[in-house]
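A.B. asks: From the sequence below, what's the structure:
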Amino acid sequence: MDNQILFAIIYICEDILDSSSDDDESLDELMTVIVTNRKKVITKRPKVRLFIENVVHKYNDVEFRKHFRVGKSTFQYLLNLIGPGLERQGDVGKKPVSSEKQILISLWFMGTPESYR
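C.D. replies: Sure, this is the predicted structure:
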């Protein structure tokens, strides 16, 4: 909501509820509702397209272990072991996330105490 519209609404409400302290409390409640119900601006974070395909696949074993806390061979073992169970069947809805990405995301999340690296 535009600030000018918000101030106009508040001005009109003040004019309507001009008299007593009960009205002041009502105005305070109304202003609280208006302010808390303002639309929040959603900003999209920039994403790196094909990060796993273009970056992670080029990591050597030391770099891979630094980011995911396991070696490439251990990751491949996990992928072969649980990957087939993670694959989504069917083609309805959004494109499914590959089992490789699911496991890499899980390993990174479990092995990284920070929220962002």
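
A.B. asks: Could you measure from Val56 over to Ile105?
C.D. replies: Remark: distance between Val56 and Ile105 (Cβ to Cβ, to the nearest Å) = 11 Å. (Each C-beta comes from the backbone N, C-alpha and C, glycine too.)

A.B. asks: Looking at the two, which has the bigger crowd around it?
C.D. replies: Between Val56 and Ile105, counting by other Cβ atoms under 10 Å, Val56 is the more crowded of the two (18 against 13).

A.B. asks: Identify each buried residue in stretch 52-69, please.
C.D. replies: Buried residues in stretch 52-69, counted by 16 or more other Cβ atoms under 10 Å: 56, 64-65, 67-68.

A.B. asks: how about those, which pair is most distant?
C.D. replies: Across these, no pair lies farther apart than Val56 and Arg65, at 12.3 Å, counting by Cβ to Cβ.

A.B. asks: so Glu100 makes contact with Leu79?
C.D. replies: Yes - with contact defined as Cβ atoms under 8 Å, Glu100 reaches Leu79; the gap is 6.0 Å.

A.B. asks: Break this structure into its domains for me.
C.D. replies: In the domain annotation for the chain, the residue ranges read 3-36, 51-111 (automatic domain parsing).

A.B. asks: any chance of those in CSV, with mean pLDDT and distance to Ile42 too?
C.D. replies: CSV is the format used below for the domains of the chain (pLDDT from 0 to 100; distance: least, Cβ to Cβ, whole Å):
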stretch, mean pLDDT, distance to Ile42
domain 3-36, 66, 17
domain 51-111, 92, 19
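
A.B. asks: What is the neighbour count of Leu104?
C.D. replies: Residues lying near Leu104 (other Cβ under 10 Å) number 20.
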